[in-house]
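Asker: Sequence and predicted model, in that order:
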Amino acid sequence: MAGHNRWTQIKRLKAREDAKRSKVFAKLAREIFIVVREGGAAPDMNPRLRMVLLKCRAANMPQDNVQRAITRGQGGAEGATFEELTYEMFGPCGVALLVDIATDNRNRVAADMRAILVRHEGKMASAGAVSRLFHRKGQILIAHGAAPEDRLMELSLEAGAEDFKSEGEGFEILTDPVQFEAVHRALTQAGIACEAAAITSLPLQWTSVPGAEAQSRISRLVDAIEEHDDVREVYCNAAFA
């Protein structure tokens, strides 16, 4: 999520990673395996691997775990065949969800997702009904104090960023996905630490969800989806008032 919702999500995800670190590492290891098998083990030649390695660093995944996953991917271990899918869903209060999945069993994961939706007042959406509400962007979040605002804005825009915003808890930099790496590289080479950096799906419009009870229902749905072993990312347009 962008803006204040995105900062809230980062805190939430970090708390979940601390509490369920082994599960997070297992998901990242699977993702490494997939992208290495498809694009090779050299980060300079495999942009998808570079993105996963950023996520590994953000989750403090041990380098030994990362290297084991890369080695498995190079060897095509176990002959597993993973299929990448995106599910479009609606949750309570009409919130929209995009769910990125990597699975070796399409039928199983489809049944699992439907069961989760039934339990949490959601439903599958028709193709395009949800994806049209999001757009793909590179997003970089930097905490206040990491760098002077003027310098940060100059660096990011010169490197190709589309937008620069000062939010309540930090700075948000948006890029075209093609320019994401150039902007991120310029910032890291300048010694600026990023709270989060990824190519992501951002809402074009938000669905306001007032009230703790409704917000809790949506959070339980998102948590249940994220718990599934085959789920890579969940994008949601809920705006908690």
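Answerer: Looks like it arrived, so ask away. Residues are numbered from 1 along each chain as shown.
Asker: was I right about residue 117 contacting residue 124?
Answerer: Yes. Using C-beta atoms under 8 Å, residue 117 is in contact with residue 124, at 6.7 Å. Every C-beta, even on glycine, is put in place using the N, C-alpha and C of the backbone.
Asker: Tell me the residues that contact both of those two, please.
Answerer: Shared contacts of residue 117 and residue 124 (C-beta atoms under 8 Å, 6 or more residues apart in numbering): residue 89.
Asker: out of the two, which sits in the more crowded spot?
Answerer: Comparing residue 117 with residue 124 by other C-beta atoms under 10 Å, the one with more neighbours is residue 117, at 20 against 15.
Asker: hang on, the more buried one is in a helix, isn't it?
Answerer: Yes. Residue 117: assigned to a helix according to DSSP: H, G, I helix; E, B strand; the rest coil.
Asker: What sits closest to it if chain neighbours are left out?
Answerer: Leaving aside its sequence neighbours, residue 117 sits nearest to residue 123 (C-beta to C-beta, 6 or more residues apart in numbering; 5.8 Å).
Asker: give me every residue that touches the one you found.
Answerer: 89, 90, 117.
Asker: Please apply the same query to residue 25.
Answerer: Going by C-beta under 8 Å, 6+ apart, residue 25 touches 59, 61, 62, 65.
Asker: any chance you could read off phi and psi for the residue lying closest to the third one once chain neighbours are set aside?
Answerer: Using C-beta to C-beta, 6+ apart and skipping residues adjacent in sequence, the residue nearest residue 62 is residue 25, 7.9 Å away. Residue 25 adopts backbone torsions of phi -60, psi -40, taken as degrees, to the nearest 10.
Asker: I'd like to know how far residue 25 sits from residue 206.
Answerer: 32 Å (C-beta to C-beta, to the nearest Å).
Asker: Please apply the same query to residue 88.
Answerer: Counting by C-beta to C-beta, the separation of residue 88 from residue 206 is 17 Å.
Asker: How about residue 75?
Answerer: Distance from residue 75 to residue 206, by C-beta to C-beta: 44 Å.
Asker: more neighbours, those two?
Answerer: Comparing residue 75 with residue 206 by other C-beta under 10 Å, the one with more neighbours is residue 206, at 18 against 11.
Asker: shouldn't the more buried one be in contact with residue 238?
Answerer: Yes. Between residue 206 and residue 238 there is a contact at 7.5 Å, judged by C-beta under 8 Å.
Asker: What average pLDDT does the longest strand along the chain get?
Answerer: The longest strand of the chain (DSSP state E) is strand 134-143. For strand 134-143, the mean per-residue pLDDT is 93.
Asker: what residues does that strand touch?
Answerer: For strand 134-143, the surrounding residues in contact (C-beta under 8 Å, 6+ apart) are 2, 6-7, 10, 96, 98, 152, 156, 162, 169-177, 179-180, 183-184, 187, 192-204, 235, 237.
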